[in-house]
Each structure stands twice: as C-alpha cells, then as structure tokens.
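Colleague: Sequence first, then the predicted structure:
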Amino acid sequence: MKISTWPGAAVLAAAVIVGGATSATALGPTADQRLDGVIVVAGSTCTWTNAHTSANPPSALTVDRTTINAPGGNLGCNGGITASLNNNPAFTFDDAAGLAKTDAIDITGKQSFISCRYKATNITWNRDGATRKYVNQAFTATKTSGSFLCPGSVTTAAGDASMLFH
C-alpha cells in the first residue's frame with residue numbers, strides 16, 4: 001500500500017463534507033432537514049443520505065453525526081475504507097454571497113489495520129446557482145491521531161466534495 005495515495009486519509013478528512021445523490025432544491029424553504037453527501041478522493045468514494053440537521057438553510061444548523069455513522073446512518077466508502085464522523089459539524093450560510101461555512105470536521109478512517117484521524121476547520125462551500133447544493137473550496141485536514149503510516153495532512157481539492165440540503 002502506498003501511503004501517499006491511500007485514499008482513506010483524504011476521504012475521511014472530507015467525508016462529512018457531503019454531496020448530493022438527490023436533486024437540489026430551490027432556495028425557498030426546505031421541508032425535511034436532511035443532508036446527502038459524497039466525496040471522491042484518490043479514486044475512492046464515500047457517500048451518505050438523509051443525515052439529520054437541526055434546521056434548514058439559511059438558518060445556522062448542525063449535522064447529527066449519529067445519522068451519518070452506522071448503525072443509525074448509512075455512510076459507506078468503496079476501496080476497503082471505513083469512516084466515522086467524530087463531531088456534529090456546524091454550518092452557517094451567507095445567501096447573499098452564495099456561501100456556506102463549516103466550523104470543523106473531525107473524521108476517523110480505517111483501512112485494514114491502519115486508523116487515521118483528521119480535523120479540518122473553517123471550510124468554505126460555494127452554492128451551486130439557486131439550489132441548496134454546495135461545493136467545497138480546497139481545504140487541508142491535519143492528522144490529530146493515528147498510525148505513523150498516516151500522512152500528516154491531506155488536502156481536498158476544490159470541487160471534490162459537495163453537500164445537498166433537502
């Protein structure tokens with residue numbers, strides 16, 4: 001296994017930072033306070049659907065990690081990776097600027113016997129037109145614990161993650 005291309009680290013650092021498996025909704029009020037996510041890193045994809053949020057955008061909200069992580073959620077990754085979210089990320093929205101911001105994402109990823117934990121802070125998202133789909137700006141997550149085989153940090157390129165509130 002090449003550590004520099006091990007997808008688990010970057011996938012985990014961004015897995016909570018979501019993308020849409022369903023169609024985007026208009027900027028008007030949304031009904032069900034849910035969030036779908038996807039991220040593709042180094043050829044591996046992590047996704048989940050219907051995570052619970054504490055409110056609907058543009059109100060400030062938090063995402064309930066227990067509705068992303070198994071057994072309450074359906075976060076899954078291909079490529080032999082497992083992931084879990086360690087925090088309840090908080091989002092704020094600036095509709096006039098078409099932006100969302102996340103306070104922090106704290107993720108643990110495992111592949112075989114290797115476990116890596118990463119944290120990214122102050123992540124900015126660009127809204128996709130007049131929808132509630134947001135696409136990430138580039139960000140770097142720093143290793144907070146795990147195997148010496150884990151990279152010290154991982155970078156997720158702009159556009160490699162998206163989130164869809166519905």
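Modeller: Okay, I see it. These numbers were taken from a predicted model, which means no experiment stands behind them.

Colleague: show me where this structure has strands.
Modeller: With strands called from DSSP state E, the chain shows them at 34-41, 44-52, 61-62, 76-77, 81-85, 90-94, 99-111, 114-127, 133-136, 139-146, 153-156, 161-165.

Colleague: Now mean neighbour count and mean pLDDT too, for those strands, in CSV please.
Modeller: The C-beta positions use only the backbone N, C-alpha and C, and glycine is treated the same way. Shown next, in CSV, are these (neighbours: other CB atoms under 10 Å; pLDDT from 0 to 100):
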stretch, mean neighbour count, mean pLDDT
strand 34-41, 23, 85
strand 44-52, 22, 92
strand 61-62, 18, 98
strand 76-77, 19, 93
strand 81-85, 22, 91
strand 90-94, 17, 98
strand 99-111, 21, 94
strand 114-127, 20, 96
strand 133-136, 24, 96
strand 139-146, 17, 95
strand 153-156, 20, 90
strand 161-165, 26, 95
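
Colleague: Could you dump those into JSON lines and include distance to Ala70?
Modeller: Below are the strands of the chain laid out as JSON lines (distance: least, CB to CB, whole Å):
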{"stretch": "strand 34-41", "distance to Ala70": "14"}
{"stretch": "strand 44-52", "distance to Ala70": "10"}
{"stretch": "strand 61-62", "distance to Ala70": "20"}
{"stretch": "strand 76-77", "distance to Ala70": "8"}
{"stretch": "strand 81-85", "distance to Ala70": "8"}
{"stretch": "strand 90-94", "distance to Ala70": "22"}
{"stretch": "strand 99-111", "distance to Ala70": "13"}
{"stretch": "strand 114-127", "distance to Ala70": "16"}
{"stretch": "strand 133-136", "distance to Ala70": "24"}
{"stretch": "strand 139-146", "distance to Ala70": "20"}
{"stretch": "strand 153-156", "distance to Ala70": "23"}
{"stretch": "strand 161-165", "distance to Ala70": "19"}
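
Colleague: just so I know, which of these lies nearest Asn69?
Modeller: Among the strands of the chain, strand 81-85 comes nearest to Asn69, with 4.7 Å by CB to CB.

Colleague: so how far is that closest one from its chain's centroid?
Modeller: Chain-centre distance of strand 81-85: 11 Å, with CA atoms, centre = their mean, to the nearest Å.

Colleague: Partner strands of it, with direction?
Modeller: Sheet pairing here is set by DSSP bridges, and for strand 81-85 it gives strand 99-111 (antiparallel).

Colleague: May I have the partner strand exported as CSV, CA atoms only?
Modeller: C-alpha atoms of strand 99-111 as CSV (Å, rounded to 0.1, in the frame of the first residue of the first chain):
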residue,chain,number,x,y,z
LEU,A,99,-21.6,30.7,0.6
ALA,A,100,-21.8,28.2,3.5
LYS,A,101,-19.1,27.6,6.2
THR,A,102,-18.4,24.7,8.4
ASP,A,103,-16.7,25.2,11.8
ALA,A,104,-14.9,21.8,11.9
ILE,A,105,-14.9,18.3,10.5
ASP,A,106,-13.3,15.6,12.6
ILE,A,107,-13.1,12.2,10.9
THR,A,108,-11.6,8.8,11.6
GLY,A,109,-10.8,6.5,8.7
LYS,A,110,-9.6,2.9,8.7
GLN,A,111,-8.2,0.7,6.1
